[in-house]
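Trainee: The sequence and its predicted three-dimensional model are supplied below.
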Amino acid sequence: MIRRALHALLDKHGDWNVCGEAENGQEGVDKALALCPDLVLLDLSMPVMNGFQAARELHRLRPNVIILMFTTFSNAHIEREALALGVRAVKSKSEGMDSLYRSIEDLFQAA
């Protein structure tokens with residue numbers, strides 16, 4: 001339900017198109033490889049393959065894809081580990097959608 005709501009909110013942004021969504025980390029990696037998105041939004045807590053594992057695999061297979069971790073579990077340790085695995089930014093869900101939008105825009109501008 002949260003994934004679908006996030007999809008709908010991101011799709012409302014005029015410059016972005018959501019090309020896929022996944023139920024777990026492994027499916028996310030598989031879809032990212034098949035769909036070749038510019039950005040992958042991961043949660044840390046996912047079934048089958050968690051966000052760290054998915055980020056590591058995505059970064060290994062598609063090193064140029066922008067990976068953003070949007071998670072409930074955000075602290076300095078998690079952020080350091082995520083960045084070391086190829087994640088470009090970590091955003092806390094508690095910061096809200098405006099903060100997520102700004103982070104995505106900033107990542108695209110920096111790319």
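Mentor: Okay, I see it.
Trainee: which strand is the longest one in this protein?
Mentor: For the chain, the strand with the greatest residue count under DSSP state E is strand 66-71.
Trainee: Show me where the chain has its helices.
Mentor: For the chain, the helices defined by DSSP state H occupy 2-11, 25-35, 51-61, 76-84, 96-110.
Trainee: so of the ones you listed, which one's packed in deepest?
Mentor: Stretch with highest mean neighbour count among the helices of the chain: helix 51-61 (a mean of 20; mean count of other C-beta atoms under 10 Å). Any C-beta I mention is one placed from the backbone N, CA and C, and that applies to glycine too.
Trainee: send the alpha carbons of that one over as CSV?
Mentor: Output of helix 51-61 as CSV, limited to C-alpha atoms (Å, rounded to 0.1, in the frame of the first residue of the first chain):
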residue,chain,number,x,y,z
GLY,A,51,18.3,-2.4,1.0
PHE,A,52,22.0,-2.8,1.7
GLN,A,53,22.2,-6.0,-0.3
ALA,A,54,20.1,-4.6,-3.2
ALA,A,55,22.3,-1.5,-3.3
ARG,A,56,25.5,-3.5,-3.3
GLU,A,57,24.2,-5.6,-6.2
LEU,A,58,22.8,-2.7,-8.2
HIS,A,59,26.0,-0.7,-7.8
ARG,A,60,28.0,-3.7,-9.0
LEU,A,61,25.8,-4.4,-12.0
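Trainee: And the residue most central in space within the chain, what's its pLDDT?
Mentor: The centre of the chain sits closest to residue 41, judged by C-alpha atoms, centre = their mean, with a distance of 1.6 Å. We have a pLDDT of 94 for residue 41.
Trainee: Beta-bridge partners for it, please?
Mentor: Under DSSP bridges, the beta-bridge partners of residue 41 are residue 68.
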